[in-house]
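[1] Predicted coordinates and the sequence they were generated for:
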Amino acid sequence: MLLGPLNFYLFHKILGRTHDALLNYLMPLNFTFTFLFYTETASLTTILFLYYRVMTLDTSGILNLAIGAYSLLMRQTNIIWINFIVALSILKGDCKVTGVLLLISKVIRELPQIIKKFWWAVLLDLSFIAFLVINKGSIVLGH
């Protein structure tokens, strides 16, 4: 119940405008079904908080690892969103690169720096791969 207002606050911090934050907060999956899908709101909160931290505060750190791990424990498919956030952060300052091949070559050239910067995401990805191996390829628990 407390996560709903926290999501509104995170939307406001990310989007910067109260109107846009309110529109996102009142979306049916976030607001209407908060009491039915109990992991949906908590999952969204962790992903929004991780997005806010990576894009504005800190791209590395143990707190990002903890938030990402908690997010994955709630919803294993959040690995997609975690990697999307990392990709957005890598691409954030690359408006000058035109063309996919130039972008790929730049990422390959800077791969050691990227791994050093996003070590927490690499650990989450490796733990998710281990989870898949242990769980015989199933992406969710209890299947």
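    Yep, it's here. Residues are numbered from 1 along each chain as shown.
[2] give me every residue that touches the spatially most central residue of the chain.
    Per C-alpha atoms, centre = their mean, the C-alpha nearest to the average position across the chain is that of residue 82, at 3.3 Å. Neighbouring residues of residue 82 by C-beta atoms under 8 Å, 6 or more residues apart in numbering: 47, 50, 68, 71, 72, 121, 124. For glycine as for every other residue, the C-beta is placed from the backbone atoms N, C-alpha and C.
[3] Residue 59 and residue 115: what is the separation?
    12 Å (C-beta to C-beta, to the nearest Å).
[4] who's more crowded, those two?
    A count of neighbours by other C-beta atoms under 10 Å puts residue 59 above the other of residue 59 and residue 115, at 19 against 11.
[5] shaky segments in the chain?
    Residues of the chain meeting the criterion pLDDT under 70: 1-8, 12, 19-38, 93-98, 142-143.
[6] who touches both of residue 59 and residue 115?
    By C-beta under 8 Å, 6+ apart, no residue touches both residue 59 and residue 115.
[7] Many thanks, have a good one.
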